[in-house]
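Visitor: no FASTA, just this:
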């Protein structure tokens, strides 16, 4: 494996990309782990403007996440519970437990790092919208590299439905 171009990075020097969903969702985002040459440990820098949420309320079934608040204040939604968060707080989102979400409730940007175990496959549920997403064959945490990926709403059916004898 080739050595990374850098092993030390300041959050101020990380090139952020817009990853906004519109409405309540706005986010600037960068995969920091891959910039440092990491493949099995994911790390992303995320910046959420005041009054916005980073991602929909969701639960991963194969991804453990830990967030570290660097700047700003917000609210961590953990299942139906809500907790205030601020600089220095460490937040856990263990896989296959409760859905989680971070929202910026302050007047300045909410900046945080998210660390994850970066598996090559995951199933993610979105309880507010009833969606389910899955992906497999992912390389280095980049969802776009998945050999199979989809998001939608499940229909209850029989195992043999649609199969030809």
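Guide: Received, thanks. A quick note: this is a predicted structure, and the numbers were derived from the prediction, not measured. Numbering: from 1, shown residues only.
Visitor: so what's residue 25 closest to, chain neighbours aside?
Guide: Nearest residue to residue 25, sequence neighbours excluded (CB to CB, 6 or more residues apart in numbering): residue 53, at 5.4 Å. C-beta coordinates here come from the backbone N, C-alpha and C atoms, glycine included.
Visitor: check contacts around that neighbour.
Guide: 24-26, 101-104 (CB atoms under 8 Å, 6 or more residues apart in numbering).
Visitor: ok, residue 147 next?
Guide: Shown in contact with residue 147 (CB under 8 Å, 6+ apart): 136-137.
Visitor: quick check, pLDDT for it.
Guide: pLDDT for residue 147: 88.
Visitor: again, but for residue 162
Guide: For residue 162, pLDDT reads 82.
Visitor: repeat for residue 165
Guide: Model confidence at residue 165 (pLDDT) stands at 69.
Visitor: can you check residue 52 too?
Guide: pLDDT, read off for residue 52, is 98.
Visitor: so how far is residue 157 from it?
Guide: Relative to residue 157, residue 52 is positioned 37 Å away (CB to CB, to the nearest Å).
Visitor: quick one, which of those two is more surrounded?
Guide: A direct count of neighbours by other CB atoms under 10 Å for residue 52 and residue 157 places residue 52 higher, at 18 against 8.
Visitor: measure that one to residue 85 for me?
Guide: 15 Å.
Visitor: shaky segments in the protein?
Guide: 1, 141, 165 (pLDDT under 70).
Visitor: break down it into its helices, ranges please.
Guide: 32-35 (DSSP state H).
Visitor: hey, where'd the strands end up in it?
Guide: Taking DSSP state E as the criterion, the chain carries its strands at 17-18, 28-31, 42-48, 59-60, 65-71, 74-78, 81-85, 90-93, 100-104, 110-116, 121-126, 131-136, 148-152.
Visitor: so what's residue 134 closest to, chain neighbours aside?
Guide: Per CB to CB, 6+ apart, closest to residue 134 is residue 123, 4.8 Å.
Visitor: now for that neighbour, how many residues are close by?
Guide: Neighbours around residue 123, by other CB under 10 Å: 16.
Visitor: among the strands of the chain, which is nearest residue 5?
Guide: Set against residue 5 and scored by CB to CB, these come closest in strand 28-31, at 14.1 Å.
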